[in-house]
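>>> Fold the following and give me the result.
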Amino acid sequence: RFRSLSRRALRCKSVAANERALQYRVGEQIHGFTVEQVTAVPELFLTAVKLSHDGTGARYLHVAREDSNNLFSVQFRTTPMDSTGVPHILEHTVLCGSQKYPCRDPFFKMLNRSLSTFMNAFTASDYTLYPFSTQNPKDFQNLLSVYLDAAFFPCLRQLDFWQEGWRLEHENPADPQTPLVFKGVVFNEMKGAFVNNERIFAQHLQNKILPDHTYGVISGGDPLCIPDLTWEQLKQFHATHYHPSNSRFFTYGNFPLEQHLKQIHEEALVKFERIESNTDIPKQKLWEKPREHRVTCGLDSFAADPSKQTTVSVSYLLTDITDTFETFTLSLLSSLLVDGPNSPFYKALIESGVGTDFSPDVGFNGSTREAYFSVGLQGIAERDIVTVKQIIDRTVDEVIVKGFEEDRIEALLHKIEIQLKHQSTSFGLALTSYIASCWNQDGDPVELLKIADKVSQFRQCLKENPRFLQEKVKTYFKDNPHKLTLSMSPEEDYHDKQAKMEAEKLEKKVNALSEEEKTQIFEKGLELIALQSKPQDTSCLPALQVSDIEPKIPFTVLETALTADEIPVQYCAQPTNGVVYFRAVSSLNTLPEELKPYVPLFCSVITKMGCGALDYREQAQKIELKTGGMSVNPHIIPDDSHLDVYEQGVLFSSLCLDRNLPDMMNLWSEIFNNPRFEEEEHFRVLVKKTAQELSNGIPDCGHLYASIRASKNLTPSGELQEMFSGMDQVKLMKRIAEMPDIKPILRKLPRIKKYLLNSDNIRCSVNAAPQQIPEASKEVENFLKGIARSKKERKPVRPHVIEKSSEVKPVGSEMVTGVQITRKLVNDPTFKPCQMKTHFVLPFPVNYIGECIRTVPYMAADYASLRILARLMTAKFLHTEIREKGGAYGGGAKLSPNGIFTFYSYRDPNSLATLKAFEKAVEWAKSGEFTQQDIDEAKLAVFAAVDAPIAPSDKGMGHFLYGISDEMKQSHREQLFAVNSDNLVAVSNKYLAVGKSTRGQAILGPENADITKDPSWVKR
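Got it, this is the predicted structure:
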């Protein structure tokens, strides 16, 4: 019954929004807008309606699609001509209060008064974008009202500019004897951003290849130029750029268009008249001959070979991005040139052994008016710059002669087909980002959506001219004088030099101040602190109520069957649009301890080394041609009822079009039964690439590394988490990448395979369309029959194994049928949590901080209270202390499913002061100084996360991966609704008060005299 029903319902659903949109007529006038074009795009199940606003010329695109996660965005073309970061600081400041909503920071306040599935703002090189999404119609209107008022009628108060942008202030604002320093959220954000050498390189690359206009500057702001921006300049930039005549509106989903148009017209656009917005970006003047530039950066503390830290790339200016077919062709061409081990540049550069990985920003970049392509290497010796340039030129010549294998082109078009069919929950957000650059340059966004047309046209061009792609390579890469060679090498004292330049800038600013101005600065500092500390009246802001939240969750129908070998397989029938999603979890319980640290490396290479008769190149080709990707990842899952119990395993995931299911399962069989481990050189390439990626990722995930380390000694799984994904893993990969002889590591892989890739402790799941399930079940059964069972019974390494069945009860009138999935969890009865404080000294100008506290598991009654408390502390206390007063880019509190309560901050100019703020947050919570309104807002924010949309591919995964059934989710939901003020004060006292629970702390950041003096900190 369920099959026929759900298919019928799907059909009715997917047409309603589209059919409504198809009824609009060109020339029709709706609420001050005129319809210009109506286009159906069947391959994406959507209808695009293009309009323009009669009074101001504002452009509008509505994408009607039967998707309940509706999105709005407004974007402005913002073209700064200096690096003071004016568009970026403006993006922050408009969100600090507006005419209709004059309270401070309505943006952050709305995060807790809404059920939004997404809320943010972005500054690109040449546009600023303000998107939000929600599934609730009332919420959509509330958020739209706040966003419109912020964008078009912001207060832009001087104190907000000082807080968000930059200011001079005493180190201790209450003490005029302390030195004056630079402070400000964007100032610290950008200092943190340029810690990342990849970011430095990509920024220089854009500035140098497009030097003549807005792309020649840093739109986010250069920390050394930010203090040149004045409040007047900020207001002027808003007046000229944030006008409807320079705006583009985008809405997506199944809410009615008329309602959006009426609200946008009445609340904003009707108050403006058309102006000429002079924000056009002229074409870059083409060079007559190639250019070269050299830049510097900081040392990489985790470089495998400290003598090889140079990066070099060669970049070529391409076409105007408004030529959508040429851009489509060039982005495909770019993939053929650099993606995967079969691409010519991978073979020539990555496998040359000269460097560790491609240079940053490799491939096609279509975010600027004219696109560019870049290719090169990082992790090379300075003397090899010339070699890399020669390899690049030689490879271009070879491609012009040889072209590309037909199979690789087919694999690429297959990838597009799968991307079109795979349904994500944030499709609206993906669309607004996808069309933003082209639309910003007055290109046609609807043309961009017609991907099927582009694919047919591309096939036609190849058919008519087999040398079509080779000719493009010749035009753009061989005969193109607009070619940039950029190299970047580290300087020992790079960060010291930056700090010295900042100190000189500061000294110059301070010396220019009169005594009267110094007094004013002190007084303004006190005024800002007073403003930040003052309780705010947020009654002007719209809000949903807790009663707007659905009391019950929809239950997902699951079916679990045992194969002939008694292996459980969970089936979840979903409208997956012709795609099949397969997952399997295999246990690590029998793996010897000494092999454990190498599990992440095993996972990252096992699908890339070749299998059966296929070498690694043929395997990569087959994976691209027959699947949407195959991945293997470590899987550490906390138990829902006991903190010291957890599941340790490895998760295998893949997806494919239903016609390719036999091929995909056959690939998994070969990977399980006959993986190849003989290619030592290829293994070395993969190791160097992985080590480089881990090292490059630290500046963007510093707070996560700090939190993983801080929780290391709090639960038995904490140590494993640190080993698999913490700083220990970064250091291990650096050590392996440094080894002159890598054979001993390679020899560990077949040993790990023996324990992992068998059917002893495995479970599988399939998400597919109802009519696909019988076929999928047959293929999975064959796969499981074909993989080896161990000859002898292997004992778990840790003797304490707990077998746990996941509860699945009948739901309403639907039965959840079949057997239970039994998971084998490990327990360490001897485990004792202990305190630890770690300081990782890194050459960064800002800190990343984590403090973790052991609390309770998911099913405990107090878990819901702690979850609400984390949100409450973030919104009502930590945001003010850490971001507004402290100047960090971000910070807050969160509760993880493993029962660890975490305080964190990132890109933070402070260290011990932030740990003090965490302490103060606990005191604040214990005092119960919050209102019922505050609690309700925290509940809304938590439910927004709990009720985030789930894609058809991920339905039932909570049950399969974590053992959490819909009944358990519903009972947790009821606990969340029931949380009250007394519960919050009680859990603050019981778990978070100093001395109550075991806690750990970790900081990644610069040398710190106070920490060095304190013997309780371990320096790493």
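>>> first vs last residue of stretch 101-115, how far apart are they?
19 Å (C-alpha to C-alpha, to the nearest Å).
>>> If you count neighbours, what's buried in that stretch?
Of all the residues in stretch 101-115, those buried under the rule 16 or more other C-beta atoms under 10 Å are 101, 103-115. (Each C-beta comes from the backbone N, C-alpha and C, glycine too.)
>>> quick one: contacts of it?
For stretch 101-115, the external contacting residues (C-beta atoms under 8 Å, 6 or more residues apart in numbering) are 95-98, 116, 119, 121, 134-136, 139, 142-143, 146, 149-150, 155, 160, 531, 536-538, 540-544, 548-549, 871, 875, 879, 884, 937-938, 940-941, 943-944, 947.
>>> Averaged pLDDT, that stretch. What do you get?
Average pLDDT, stretch 101-115: 92.
>>> Name the residues linked to I380 by a beta bridge.
T310 (DSSP bridges).
>>> Check what pLDDT the nearest residue to S352 once chain neighbours are set aside gets.
Setting aside the residues directly before and after it, S352 is nearest to I391 in space (C-beta to C-beta, 6 or more residues apart in numbering), at 6.4 Å. Looking at I391, its pLDDT is 99.
>>> so where does I391 fall, helix or strand?
Taking DSSP states H and E as the definition, I391 sits inside helix 385-402.
>>> which is the next helix or strand following that helix?
Toward the C-terminal end, the helix or strand that comes next after helix 385-402 (DSSP H and E) is helix 406-421.
>>> Tell me the span between the first and last residue of stretch 532-552.
According to C-alpha to C-alpha, stretch 532-552 extends 39 Å from its N-terminal end residue to its C-terminal end residue.
>>> Show me this protein divided up by domain.
291-423+442-490, 559-677+749-827, 835-1019 (automatic domain parsing).
>>> in the stretch 401-550 of the chain, which ranges drop under the pLDDT threshold?
The stretch 401-550 of the chain contains no residues with pLDDT under 70.
>>> all helices of it, in order?
Ranges of helices within the stretch 401-550 of the chain are 406-421, 427-440, 445-449, 451-464, 468-473, 494-511, 515-533, based on DSSP state H, counting those that start in this stretch.
>>> Kindly reformat these as TSV and extend each row with distance to L377.
Converted to TSV, these look like this (distance: least, C-beta to C-beta, whole Å):
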stretch	distance to L377
helix 406-421	22
helix 427-440	27
helix 445-449	32
helix 451-464	30
helix 468-473	20
helix 494-511	20
helix 515-533	47
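>>> Among those, which comes closest to L224?
L224 lies closest to helix 494-511 among the helices of the stretch 401-550 of the chain, at 5.7 Å (C-beta to C-beta).
>>> The closest residue to L544 other than its chain neighbours: neighbouring residues, count only.
Distances taken as C-beta to C-beta, 6+ apart place D139 nearest to L544, at 5.5 Å, with adjacent residues excluded. Residues near D139, counting by other C-beta atoms under 10 Å, number 25.
>>> from memory D139 sits against S116, does it?
Yes: with contacts counted by C-beta atoms under 8 Å, D139 reaches S116, the gap being 6.7 Å.
>>> Tell me, how many residues neighbour T556?
Neighbours of T556 using other C-beta under 10 Å come to 20.
>>> Oh, that last question was meant for H265, not what I typed.
Counted with other C-beta under 10 Å, the burial measure for H265 works out to 20 neighbours.
>>> before we move on, what about the one 3 residues further on?
As a burial measure, A268 scores 24 neighbours (other C-beta under 10 Å).
>>> Am I right that it is in contact with Y147?
No: A268 is not in contact with Y147 according to C-beta under 8 Å; the separation is 9.6 Å.
>>> returning to what we had before: mind putting the helices of the stretch 401-550 of the chain in CSV, mean neighbour count and distance to S927 included?
CSV is the format used below for the helices of the stretch 401-550 of the chain (neighbours: other C-beta atoms under 10 Å; distance: least, C-beta to C-beta, whole Å):
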stretch, mean neighbour count, distance to S927
helix 406-421, 16, 52
helix 427-440, 22, 39
helix 445-449, 21, 52
helix 451-464, 14, 56
helix 468-473, 18, 67
helix 494-511, 14, 38
helix 515-533, 14, 15
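>>> so which of those helices comes closest to S367?
From those, taking C-beta to C-beta, the stretch that ends up closest is helix 427-440, at 4.9 Å.
>>> That closest one versus helix 406-421: what angle between them?
Angular relation of helix 427-440 and helix 406-421 on a 0 to 180 degree scale: 110 degrees, by axes from the mean of the first three to the mean of the last three C-alpha atoms, to 10 degrees.
>>> What lies in contact with helix 427-440?
Outside helix 427-440, the residues that touch it by C-beta under 8 Å, 6+ apart are 59, 61, 63, 65, 67, 69-71, 73, 75, 77, 118, 124, 126-127, 129, 131, 133, 248, 250, 252-253, 321-322, 324, 327, 366-368, 424, 444-445, 448-449.
>>> which of those count as buried?
The neighbour-count test (16+ other C-beta under 10 Å) marks 59, 61, 63, 65, 67, 69-71, 73, 75, 77, 118, 124, 126-127, 129, 131, 133, 248, 250, 252-253, 321-322, 324, 327, 366-368, 444-445, 448-449 as buried among the contacts of helix 427-440.
>>> Pull out the buried members of the contacts of stretch 101-115.
95-98, 116, 119, 121, 134-136, 139, 142-143, 146, 149-150, 155, 160, 536, 538, 541-544, 549, 871, 875, 879, 884, 937-938, 940-941, 943-944, 947.
>>> Which of those fall within strands?
Secondary structure of the buried ones among the contacts of stretch 101-115 is defined by DSSP state E; positions in strands are M119, T134.
>>> Spit out the contact partners of the nearest residue to R854 once chain neighbours are set aside.
Beyond its immediate neighbours in the sequence, the residue positioned closest to R854 (C-beta to C-beta, 6+ apart) is L714, lying 4.3 Å away. L714 makes contacts with P833, C852, I853, R854, I900, T998, R999, G1000, as judged by C-beta under 8 Å, 6+ apart.
>>> cool, and A691?
Counting by C-beta under 8 Å, 6+ apart, A691 touches F302, A304, T356, M733, K734, I736, A737.
>>> quick one: the closest residue to P42 other than its chain neighbours from A503, how far?
Computed as C-beta to C-beta, 6+ apart, the closest residue to P42 that is not its neighbour in sequence is A452, at 8.0 Å. Relative to A503, A452 is positioned 58 Å away (criterion: C-beta to C-beta, to the nearest Å).
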